[in-house]
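Chemist: The following comprises the amino acid sequence and a computationally predicted model.
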Amino acid sequence: MKELAKEMYSNTLHIWYETDVMADHEYGRIFDTSSVSLNEVAVRIHADVVDNPSVEAIYWYMGQGLDQIVLMARYQKDRLQVQVNLKDFDFALHVDAIEIWKNDLIETVQTVLSEK
């Protein structure tokens, strides 16, 4: 995962990462709901939260480039929110798997951070 940009706005930190959160599928590229993808994102979010304890909120923007952001997250007031931007066929094929992935990511990050 490569950091593309990091900006402070008021007391919020915004970080853009270049990372491939997509997987190949017969209909095209779809969101990667694998445990490998989840763990990579969870480790990055955890590290950024630990490294920036004094900010009000941290926002992440992840995708293959600045113009291809697929995954966004915000950590604020000890709570993680996750948004995945889907294509229509991605939504039709596995929206349930994506919701499970998002919930698992939130649970993983929250659990690790609560242990600190």
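Modeler: Nice, I can see it. Numbering: from 1, shown residues only.
Chemist: any idea which element Glu107 lies in?
Modeler: helix 88-114 (DSSP states H and E).
Chemist: tell me which residues of that helix are tucked away?
Modeler: Neighbour-count burial for helix 88-114, counted by 16 or more other CB atoms under 10 Å, picks out 90, 93-94, 98, 101-102, 104-106, 108-109. Where you see a C-beta, it was placed from the backbone N, CA and C, and this is true even at glycine.
Chemist: State the mean pLDDT of that helix.
Modeler: Average pLDDT, helix 88-114: 93.
Chemist: from the chain's centre, how far out does it sit?
Modeler: Distance of helix 88-114 from its chain centroid, counting by CA atoms, centre = their mean, to the nearest Å, is 10 Å.
Chemist: same question, stretch 51-70
Modeler: Distance, centroid of stretch 51-70 to centroid of chain: 8 Å (CA atoms, centre = their mean).
Chemist: Where do the helices of the chain begin and end?
Modeler: Ranges of helices within the chain are 35-51, 88-114, based on DSSP state H.
Chemist: Show me what the first one is in contact with.
Modeler: In other words, helix 35-51. Residues from elsewhere that reach helix 35-51 (CB atoms under 8 Å, 6 or more residues apart in numbering): 1, 13, 15, 17, 19, 21, 23, 58, 60, 62, 71, 73, 75, 80, 101, 104-105, 108-109, 112-113, 116.
Chemist: Mind doing that once more with 10 Å?
Modeler: 1, 3, 6, 13, 15, 17, 19-23, 31-32, 34, 55, 58, 60, 62, 71, 73, 75, 78, 80, 82, 100-102, 104-113, 116 (CB atoms under 10 Å, 6 or more residues apart in numbering).
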